[in-house]
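In: How does the following fold in three dimensions:
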Amino acid sequence: MNAELQPPEARAVFYERERRSVHLARTFTCATLAGWSLSGRRDDVLLCVSELATNALLHGVPRGRGYLLRLVRHGGGVLRVEVHDSGSGEVRVPEPSVDAEGGRGLLLVTALSDKWGVEPRSPGKIVWCEFAHRS
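Out: Down below sits the predicted model:
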(Lines give C-alpha, C1' and ligand atoms only; values in the text may rest on other atoms or scores of the structure.)
Protein backbone atom coordinates (compact mmCIF):
# COMPACT_ATOMS: atom_id res chain seq x y z
CA MET A 1 0.00 0.00 0.00
CA ASN A 2 1.25 3.49 -0.84
CA ALA A 3 2.53 5.28 2.29
CA GLU A 4 0.38 8.32 1.54
CA LEU A 5 -2.76 6.16 1.52
CA GLN A 6 -2.07 4.48 4.86
CA PRO A 7 -4.02 5.79 7.82
CA PRO A 8 -1.96 7.90 10.21
CA GLU A 9 -0.58 6.47 13.42
CA ALA A 10 -1.37 8.43 16.56
CA ARG A 11 -0.32 8.35 20.18
CA ALA A 12 -1.81 10.56 22.87
CA VAL A 13 -1.50 11.13 26.60
CA PHE A 14 -3.34 13.40 29.02
CA TYR A 15 -1.44 15.43 31.60
CA GLU A 16 -2.68 17.12 34.74
CA ARG A 17 -1.91 20.80 35.28
CA GLU A 18 1.44 20.39 37.02
CA ARG A 19 4.99 21.48 36.24
CA ARG A 20 6.42 17.98 35.86
CA SER A 21 4.05 17.33 32.96
CA VAL A 22 6.42 19.15 30.57
CA HIS A 23 9.19 16.69 31.41
CA LEU A 24 6.74 13.79 31.08
CA ALA A 25 5.59 15.12 27.69
CA ARG A 26 9.20 15.18 26.43
CA THR A 27 9.78 11.64 27.73
CA PHE A 28 6.60 10.40 26.02
CA THR A 29 7.65 12.12 22.78
CA CYS A 30 11.15 10.57 22.91
CA ALA A 31 9.71 7.10 23.36
CA THR A 32 7.15 7.59 20.59
CA LEU A 33 9.71 8.91 18.11
CA ALA A 34 12.04 6.02 18.92
CA GLY A 35 9.20 3.54 18.42
CA TRP A 36 8.44 5.09 15.05
CA SER A 37 12.17 5.19 14.12
CA LEU A 38 12.05 8.97 13.67
CA SER A 39 15.27 10.56 14.84
CA GLY A 40 16.19 13.10 12.18
CA ARG A 41 14.46 16.11 13.76
CA ARG A 42 14.17 14.77 17.28
CA ASP A 43 15.66 17.81 19.05
CA ASP A 44 13.44 20.26 17.14
CA VAL A 45 10.35 18.20 17.94
CA LEU A 46 11.28 17.93 21.63
CA LEU A 47 11.86 21.65 21.97
CA CYS A 48 8.51 22.41 20.33
CA VAL A 49 6.73 19.89 22.58
CA SER A 50 8.32 21.63 25.59
CA GLU A 51 7.23 25.06 24.41
CA LEU A 52 3.65 24.05 23.53
CA ALA A 53 3.21 22.13 26.79
CA THR A 54 4.60 25.04 28.81
CA ASN A 55 2.28 27.48 27.03
CA ALA A 56 -0.67 25.22 27.76
CA LEU A 57 0.25 25.17 31.46
CA LEU A 58 0.84 28.90 31.71
CA HIS A 59 -1.94 30.20 29.48
CA GLY A 60 -4.37 27.49 28.40
CA VAL A 61 -5.22 25.11 31.23
CA PRO A 62 -7.63 26.34 33.91
CA ARG A 63 -7.15 25.10 37.48
CA GLY A 64 -8.33 21.55 37.99
CA ARG A 65 -7.90 20.63 34.33
CA GLY A 66 -5.13 19.35 32.11
CA TYR A 67 -4.02 19.10 28.52
CA LEU A 68 -3.72 16.38 25.89
CA LEU A 69 -0.53 15.84 23.90
CA ARG A 70 -1.16 14.03 20.63
CA LEU A 71 1.51 12.92 18.16
CA VAL A 72 0.39 11.89 14.69
CA ARG A 73 2.62 10.23 12.09
CA HIS A 74 1.21 10.58 8.61
CA GLY A 75 2.33 8.15 5.91
CA GLY A 76 3.05 11.07 3.59
CA GLY A 77 6.07 12.09 5.65
CA VAL A 78 4.61 14.50 8.22
CA LEU A 79 4.80 14.36 12.00
CA ARG A 80 2.17 16.50 13.70
CA VAL A 81 2.38 17.58 17.35
CA GLU A 82 -0.89 18.75 18.92
CA VAL A 83 -1.55 20.20 22.36
CA HIS A 84 -5.25 20.31 23.26
CA ASP A 85 -6.27 22.56 26.13
CA SER A 86 -9.59 23.77 27.49
CA GLY A 87 -8.64 27.39 28.02
CA SER A 88 -9.80 30.30 25.99
CA GLY A 89 -7.57 33.00 24.70
CA GLU A 90 -5.84 34.13 21.60
CA VAL A 91 -2.56 32.53 20.60
CA ARG A 92 -0.12 34.91 19.00
CA VAL A 93 3.59 35.29 18.51
CA PRO A 94 4.63 38.20 20.72
CA GLU A 95 7.60 40.46 20.14
CA PRO A 96 9.43 40.17 23.46
CA SER A 97 11.71 42.89 24.65
CA VAL A 98 15.40 42.16 25.09
CA ASP A 99 14.91 42.16 28.88
CA ALA A 100 11.85 39.89 28.90
CA GLU A 101 12.29 36.53 30.64
CA GLY A 102 9.68 34.83 28.49
CA GLY A 103 7.66 35.27 25.34
CA ARG A 104 9.93 33.41 22.94
CA GLY A 105 8.27 29.98 22.89
CA LEU A 106 6.15 30.46 19.78
CA LEU A 107 9.05 32.20 18.06
CA LEU A 108 10.99 28.97 18.54
CA VAL A 109 8.07 26.86 17.31
CA THR A 110 7.81 29.10 14.24
CA ALA A 111 11.53 28.80 13.53
CA LEU A 112 11.90 25.05 14.13
CA SER A 113 8.70 23.55 12.72
CA ASP A 114 7.65 23.53 9.08
CA LYS A 115 4.32 25.09 9.98
CA TRP A 116 2.12 25.65 13.00
CA GLY A 117 -1.32 26.91 13.82
CA VAL A 118 -4.28 27.01 16.15
CA GLU A 119 -7.67 25.33 15.74
CA PRO A 120 -10.73 25.86 17.90
CA ARG A 121 -12.19 23.02 19.95
CA SER A 122 -14.98 23.00 22.46
CA PRO A 123 -13.90 23.95 25.02
CA GLY A 124 -10.57 25.54 24.21
CA LYS A 125 -8.16 25.12 21.36
CA ILE A 126 -5.55 22.92 19.70
CA VAL A 127 -2.11 24.41 19.10
CA TRP A 128 -0.18 22.29 16.62
CA CYS A 129 3.03 22.16 14.64
CA GLU A 130 4.27 19.90 11.87
CA PHE A 131 7.60 18.48 10.78
CA ALA A 132 8.52 16.79 7.51
CA HIS A 133 10.28 13.48 8.11
CA ARG A 134 11.66 10.55 6.21
CA SER A 135 10.49 7.12 7.30
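In: Return the set of buried residues in the lowest-mean-pLDDT helix or strand in the chain.
Out: Here the helix or strand of the chain ranked lowest by mean pLDDT, DSSP states H and E is helix 105-112, holding a mean of 90. Judged by neighbour count (16 or more other CB atoms under 10 Å), helix 105-112 contains these buried residues: 105-106, 109, 112. (Each C-beta comes from the backbone N, C-alpha and C, glycine too.)
In: what's the answer for stretch 43-62, then?
Out: 44-57, 60-61.
In: Just the ones in helices from the residues you listed, please.
Out: Mapping these onto helices (DSSP state H) picks out 44-55.
In: Name the spans of this protein whose pLDDT lies under the cut-off.
Out: Counting by pLDDT under 70, the chain has low-confidence residues at 1-7, 89-103, 134-135.
In: Helices of that one, residue ranges please.
Out: 20-35, 42-55, 105-112.
In: Would you convert those helices into a markdown table that also reports distance to Arg65?
Out: Shown next, in a markdown table, are those (distance: least, CB to CB, whole Å):
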| stretch | distance to Arg65 |
| --- | --- |
| helix 20-35 | 12 |
| helix 42-55 | 14 |
| helix 105-112 | 20 |
